[in-house]
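Student: okay, structure incoming, though there's no sequence with it:
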């Protein structure tokens, strides 16, 4: 018998909530078709690439009084990409839905991500297996992986594996890229008369897989609550000790949704948003100025402490840094195999790099602290790019601000004390026990995925909407994956992809920050969200993100 | 109106539990005296230093049927040292107890720690003020500080401030040092016929203020649960992604109780305990060997991932590192003001330092990665010592293990992949919302402190025991502070101090780790404690630490 934590024992008993339409099971559903759809942009190209799956209608479900019987179906499920809280509940919902429809149905889990379907590595789920993972965090139930399903050969192999298991539908749980690949696979299966359906589920803590059709990706709620817990705790500490500035970097490389949501939940003194830095073409110097100005003014008010929240990807969005990093990636390709470089001392390496960079980029590189210069030269990722997550941007800012403050002190313009602590939160939130919201949402997404399968649909994303209302009132249905696509350049080639959602600088969420940040900077408006609660008052346990509430508020007002 | 988080709104309503004896208020209590006490060691010296307060009996309370009236008393309270969850509840319990005894009583809070009583900086509490802080984390209600109350001049000033406010008792909430100073102040007040009592309360997340009389210091429960939440979440991530080793450093400079408790709650692959490293005189090389061995063996089993928990203070407990650091502290005193050193390049600094260290220590210093060499030369603390908390021991270990693994790979003895992430958790836990245990315990400690005051006691520590039982059955009383003292060398002088409790290598808590660590190293026995829960099943909300349970189990078995 595996030893479990007290919370895990109790959470295993939690019965996630479903939308009313799904509560009687999949055999009591009626499909309601909306009107035909088109892709968000580049309609002609997307249509040509998805000749068999393009233009389908959106669908929703409603309950019928009659119950139909259901043919036997075998389904396979894949977890793709980085962990997000609630993945296990998608699988549990899918399993319950499928077994409720017909106990002879089988659910297979492909192991280690998309490579599992190619290599034929799988498990078959049964009650005992599934029950051990209900309402838990992590993707350890079958593991995940980052293999991209996109080549003809991979599709062929996947087909063979599915055929051998009698699988007639595959559910892919993943982010924008994985769902793009789900659309390609769906199209390929139809084109090749494979008789295999493909359904996607929207996953990512980053919150950048959302659009008019998807209100939120799962995991965002739990992850941001976990980061907000930690920021809040640190704020309380800073406000008690009154002696440290805490620079807190938050996961989220390309979009700043996570940092923004965590900031709205905690109201720190400074919040940087990558999208704003890029849009305003803010230089590193201007960011340092902005932060230093707040630090100096707080110090004048007797406050030598504070909290700054920084998105992980910031550095790439600073124009001169982005340009320098891109130049650096190019020159490092040859330097990495150059033994005279590899064996050089740190200082010699800096000089070599500066001599190879363009003069503008060399100046930027030379201006950085040694720690960051070193990190920029560290191991590249498989594409030869610097691993931005390994660059300690929070320390870069601390060091440059310290220098700036020393100058100001020498000029008699600052007399405070700047002592800083740095933090980076990411892994702490990706595998937390899903919040009630994510537990319910994920279970519904999985349950609903089998409803889509049972109506023979393919190339659809499982969609559960109206999420700011109680689960009873959630609307279950499906969205053609092609509807969310457009053409974008990837590795030099135009490809059909699901648009990534960045923080909208004219949207209500960023506006909330913008309207308040001056007040939050100087007056301490810290909020302390505390640990995620799974039991107790609904006001604590069942609330979702501020981002979702503000975005839906806007939509509702616009209707 | 201040904006509050949903959890804060709900937690303000929580009514902490009290021991049965205190439930009818302080006016219905009878004092039960135990036998006279003596200090744990050095009895003659301690007795001589505490002529007026030494040897008093331990006391407990029981309820009487008759209710006595209570004279009017003004009390002052001080928060001393680092934050610990529950400090606000000590003050709330004290306030409620005092107002229940006589509504004309007044409670003053001294601002910014012990300096508040010296400088006469204070607030007077009322219901509205106290109510806003019930069951919240942090010390921001009146702030804290690290001023040591120990000189005649400080005592004189404190006396004057207390007299001006009509204060006849002071409650000092602090760790071992602060309670040592509480004992000194109590003795001084008696000796000088000041008519002012002093009562201490046992605070510290470090868990090193405990002994036969104190089962646990407050804050340890909440802080360790917060760290265990984060370690558990990261373990789930590691076990899902299966590609990273996470090195997690946990706050706790001199004792490893926090790392040990967090490890027992989560069962990571590797846990280092400073006390063991010191006792076994483990060298840095042998620690690297121990960890590398586990990493290699796991890799042979296909597991290129894992979790290592490292206590913050480790580096000082490694004999050769401790010696080198001590030597370094000495030579840095002069180097820090030497401009030729200050203006030297990093590499030059390393050479200068190596030339000044003893040859053995120079070898140790030279063997370290540049990052750590630099951190060892960074700003000293006010005593001229290196700030150990700023040394990234977790990165030191990662870098040295990486090198070791490269060697093994070259020798054909290792073929795995070692990719590591580092974390440091400390500030995240010191100001969390107190767990139900800490909320109840702290409230009881504060409530009980006024009971001790109302019986005219001084030089006592507020004591609440039998803590593994429900709060109803807790035993409230007081322990003479001198009972916990012995003589120790501080800054070259023998001083009376409360003994610090280190991890006992022959105790049941360490034994639990020792008995299991081989299994945990290779087989993944990860536990996922999840976020602290304040509502819901008692099995989740009302459990205390494994440390306390094991230690009390032992005591109970021995009775």
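Tutor: That came in fine, so what should we check first? Computed from a prediction, not measured in an experiment: that's the story for all the values here.
Student: mind giving me the packing neighbours of the host helix or strand of residue A:408?
Tutor: Using DSSP states H and E, residue A:408 maps to helix A:393-410. In terms of contacts (3 or more CB pairs under 8 Å, 6 or more residues apart in numbering or on different chains; DSSP states H and E), helix A:393-410 is packed against strand A:245-250, helix A:284-300, strand A:306-311, helix A:314-317, helix A:370-376, strand A:420-425. The way it works is simple: take the backbone N, C-alpha and C, and place the C-beta from them, glycine included.
Student: tilt between that helix and strand A:245-250?
Tutor: Orientation note: helix A:393-410 sits at an angle of 150 degrees relative to strand A:245-250 (axes from the mean of the first three to the mean of the last three CA atoms, to 10 degrees).
Student: for the helices and strands packed on helix A:393-410, which one ends up most surrounded?
Tutor: Stretch with highest mean neighbour count among these: strand A:306-311 (a mean of 27; mean count of other CB atoms under 10 Å in any protein chain shown).
Student: tell me the strands beside that one, with direction?
Tutor: strand A:245-250 (parallel), strand A:270-271 (parallel) (DSSP bridges).
Student: list the buried residues of stretch A:207-217.
Tutor: Across stretch A:207-217, burial judged by 16 or more other CB atoms under 10 Å in any protein chain shown covers A:207-211, A:213-217.
Student: rebuild the residues you listed as JSON lines, extending it with secondary structure.
Tutor: Shown next, in JSON lines, are the buried residues of stretch A:207-217 (DSSP: H, G, I helix; E, B strand; the rest coil):
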{"residue": "A:207", "secondary structure": "coil"}
{"residue": "A:208", "secondary structure": "coil"}
{"residue": "A:209", "secondary structure": "coil"}
{"residue": "A:210", "secondary structure": "coil"}
{"residue": "A:211", "secondary structure": "coil"}
{"residue": "A:213", "secondary structure": "coil"}
{"residue": "A:214", "secondary structure": "coil"}
{"residue": "A:215", "secondary structure": "coil"}
{"residue": "A:216", "secondary structure": "coil"}
{"residue": "A:217", "secondary structure": "coil"}
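Student: pass me the low-pLDDT residue ranges in chain A, would you?
Tutor: A:1, A:554-559 (pLDDT under 70).
Student: longest helix anywhere in it?
Tutor: helix A:220-241 (DSSP state H).
Student: hmm, that helix in reach of chain B?
Tutor: Yes. If you take CB under 8 Å from any CB of the partner chain as the test, helix A:220-241 does meet chain B, through A:226, A:229-230, A:232-234, A:236-237, A:239-241.
Student: measure residue A:199 to chain B for me?
Tutor: Relative to chain B, residue A:199 is positioned 22 Å away (CB to the nearest CB, to the nearest Å).
Student: quick check: which element contains that residue?
Tutor: strand A:197-202.
Student: for the residue nearest the centre of chain A, what are phi and psi?
Tutor: The centre of chain A sits closest to residue A:206, judged by CA atoms, centre = their mean, with a distance of 2.2 Å. In terms of degrees, to the nearest 10, the main-chain angles of residue A:206 are phi -60, psi -20.
Student: my guess is it contacts residue A:252. True?
Tutor: Yes. Residue A:206 lies in contact with residue A:252 (CB atoms under 8 Å); the separation is 5.4 Å.
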